[in-house]
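# The following comprises the amino acid sequence and a computationally predicted model.
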Amino acid sequence: MKYHQIDRQLYIKNRAKFVSQMKPKSVAVFNSNDIYPVSADSTLPFAQHRDILYLTGVDQEESILLLFPDAPYENQREILFLKETSEHIAVWEGEKLTKDRAFEVSGIKTVYWLTDFEKILNEMMTYSEIMYINTNEHYRASVETETREARFVKWWKAKYPAHQVAKSNPILQRNRSIKESEELDLIQNACNITEMGFRRLLSFVKPNVMEYEIEAELIHEFVRNRSRGFAYTPIIASGNNANVLHYIENNQQCKAGDLILLDVAAEYANYSSDMTRVIPVSGKFTERQKAVYSAVLKVKNEATKMLIPGTLWKQYHVEVGKIMTSELLGLGLIDKADVQNENPDWPAYKKYFMHGTSHHMGLDTHDYGLLHEPMQTNMVFTVEPGIYIPAEGFGIRIEDNVVIQESGEPFNLMRNIPIEVDEIESLMNS
């Protein structure tokens, strides 16, 4: 890992929150992600399952966490299982966690090698009545591969059919959506690294630069500041490419007079940031580009004010739609007849702004959070309205990351990243 070690107290708190919501006589098990093969002997870079990471800080493959708050003996109440390390493994794969080092990272005192897992689980099953299984129930999830977690659930159900089943995911959805102060600091650090990358670009971008050259500048700045890289696949969309919402080819030349939509951000310690900015290739916006940009920025600023405790996500998007409708009328992109005759299920503004305005953010870019429940203090949301105009050859989206406060407007984690037209133009031409 490139990041500095995180205080284990964070993971001790996270586990305490989870076990406080478990039913009596219940066990919960969490597995690491697999290392996924490409072909031959190649593999994708390892990315830890966010749930076991959230509960332990263990950023290593082939790890298992077992929680059993009602176990008869104290040393059975939280157990970590790791791949056994050795001098041979250290030479060929790099250093793995020892039992002592695992305690330093996680605060878990009872650590076994994986070879002991089935034997110890069998003992825990004799003491317990309920098993919490960890399934992915995120509203955006679409999983086609069988994960290590899914294989474990299949194996466990076959071996212990008499036990009751409970779900870990609803607990984690609520717990992970409300950030501890340590987590907010980590997300802020990811945002700060993103800022460094963005500022680097403002003096780099010129007519005829390639989109992938911009991507290279960003990854350089991110990695040199202890990030593993992009929090998600970067979107570097010049000209009409910006009207493809998930454009990721990043292989076109940036032409004079065009805009570049940059939906790019760094991760830090597995925590995401999520930024979108739009800059002019030639260093100056046209009057029309500036008018549309200003409209999007106004919608973003007004939407941000609504992110307060008690706000309901669905109603929030309805209100943002009203603000966007007013701005599109002012830009001449829709007229009053369009609004009067609109389909309530697909309002007139959706022609130019077809996606949502905000989502939870944290260990995942689209993080855990139950959208039907009211927003709460210390939830982190993106704010990202956009206007996309293929007929005019450009699209504009502006995005910040904010933390809901107990009262008043949310705290903007990207407050220092240039966003005003005048500041962007000044920095690009300095």
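Perfect, I can see it now.

# ranges for the helices of the stretch 101-250 of the chain?
Along the stretch 101-250 of the chain, the segments classed as helices by DSSP state H, counting those that start in this stretch run 117-127, 148-159, 169-177, 181-202, 211-223.

# what angle separates the fourth one from helix 211-223?
Compare the direction of helix 181-202 with that of helix 211-223 by axes from the mean of the first three to the mean of the last three Cα atoms, to 10 degrees and you get 140 degrees.

# mean confidence score for helix 181-202?
What helix 181-202 shows for mean pLDDT is 98.

# residues of it that come out buried?
For helix 181-202, the neighbour count (16 or more other Cβ atoms under 10 Å) marks 183-184, 186-198, 200-202 as buried. All C-beta atoms are positioned from the backbone trio N, CA, C, and that covers glycine.

# Likewise for the first one?
Taking 16+ other Cβ under 10 Å as the neighbour-count basis, helix 117-127 is seen to contain the buried residues 117, 121, 124-125.

# for the shortest one, same thing?
For helix 169-177, a neighbour-count test (16+ other Cβ under 10 Å) marks 169, 171-177 as buried.

# where does this structure have its least confident helix or strand?
Counting by mean pLDDT, DSSP states H and E, the weakest-scoring helix or strand in the chain turns out to be helix 87-92, with a mean of 73.

# next one: that helix to chain centre, how far?
33 Å (Cα atoms, centre = their mean, to the nearest Å).

# and it, C-alpha only, in PDB?
The C-alpha coordinates for helix 87-92 follow below in PDB (Å, rounded to 0.1, in the frame of the first residue of the first chain):
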ATOM      1  CA  GLU A  87      10.100 -16.100   3.900                       C
ATOM      2  CA  HIS A  88       9.400 -17.700   0.600                       C
ATOM      3  CA  ILE A  89       6.200 -15.700   0.100                       C
ATOM      4  CA  ALA A  90       8.000 -12.500   1.100                       C
ATOM      5  CA  VAL A  91      10.600 -13.100  -1.600                       C
ATOM      6  CA  TRP A  92       8.200 -14.000  -4.400                       C
END
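
# could you redo the helices of the stretch 101-250 of the chain as JSON lines and give each row distance to Pro24?
Output for those, formatted as JSON lines (distance: least, Cβ to Cβ, whole Å):
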{"stretch": "helix 117-127", "distance to Pro24": "12"}
{"stretch": "helix 148-159", "distance to Pro24": "20"}
{"stretch": "helix 169-177", "distance to Pro24": "15"}
{"stretch": "helix 181-202", "distance to Pro24": "29"}
{"stretch": "helix 211-223", "distance to Pro24": "46"}
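
# nearest to Ile417, of the ones you listed?
Distance to Ile417, taken as Cβ to Cβ, is lowest for helix 181-202 among the helices of the stretch 101-250 of the chain, at 4.7 Å.

# check contacts around the closest residue to Met306 other than its chain neighbours.
Excluding its sequence neighbours, the residue lying closest to Met306 (Cβ to Cβ, 6 or more residues apart in numbering) is Tyr316, at 5.5 Å. Neighbouring residues of Tyr316 by Cβ atoms under 8 Å, 6 or more residues apart in numbering: 303, 306-307, 357-358.

# just to revisit the earlier point, with distance to Asp400 added, can I get the buried residues of helix 169-177 in TSV?
As requested, the buried residues of helix 169-177 are exported to TSV (distance: Cβ to Cβ, whole Å):
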residue	distance to Asp400
Asn169	28
Ile171	29
Leu172	26
Gln173	24
Arg174	24
Asn175	25
Arg176	21
Ser177	18
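
# and the gap between the residue nearest the centre of the chain and Tyr247?
In the chain, the residue lying closest to the centroid (Cα atoms, centre = their mean) is Thr365, at 1.5 Å. As judged by Cβ to Cβ, to the nearest Å, Thr365 and Tyr247 stand 17 Å apart.

# How about Asn31?
34 Å.

# for Arg15, same thing?
40 Å.

# more neighbours, these two?
A count of neighbours by other Cβ atoms under 10 Å puts Arg15 above the other of Arg15 and Tyr247, at 22 against 19.

# picking that back up, would you mind checking which of the buried residues of helix 169-177 is nearest to Tyr112?
Out of those, the member with the shortest distance to Tyr112 (by Cβ to Cβ) is Leu172, at 23.8 Å.

# my read: the closest one touches Leu370, true?
No - at 10.5 Å, Leu172 does not count as touching Leu370 under the criterion of Cβ atoms under 8 Å.

# For the protein, which residues score under the pLDDT cut-off?
For the chain, the stretches flagged by pLDDT under 70 are 91.

# Could you pull up phi and psi at the spatially closest residue to Arg8 that is not a sequence neighbour?
Spatial nearest neighbour of Arg8, excluding adjacent residues (Cβ to Cβ, 6+ apart): Gly107 at 4.0 Å. Backbone geometry at Gly107, expressed as degrees, to the nearest 10, gives phi 80, psi 10.

# Many thanks, we can stop here.
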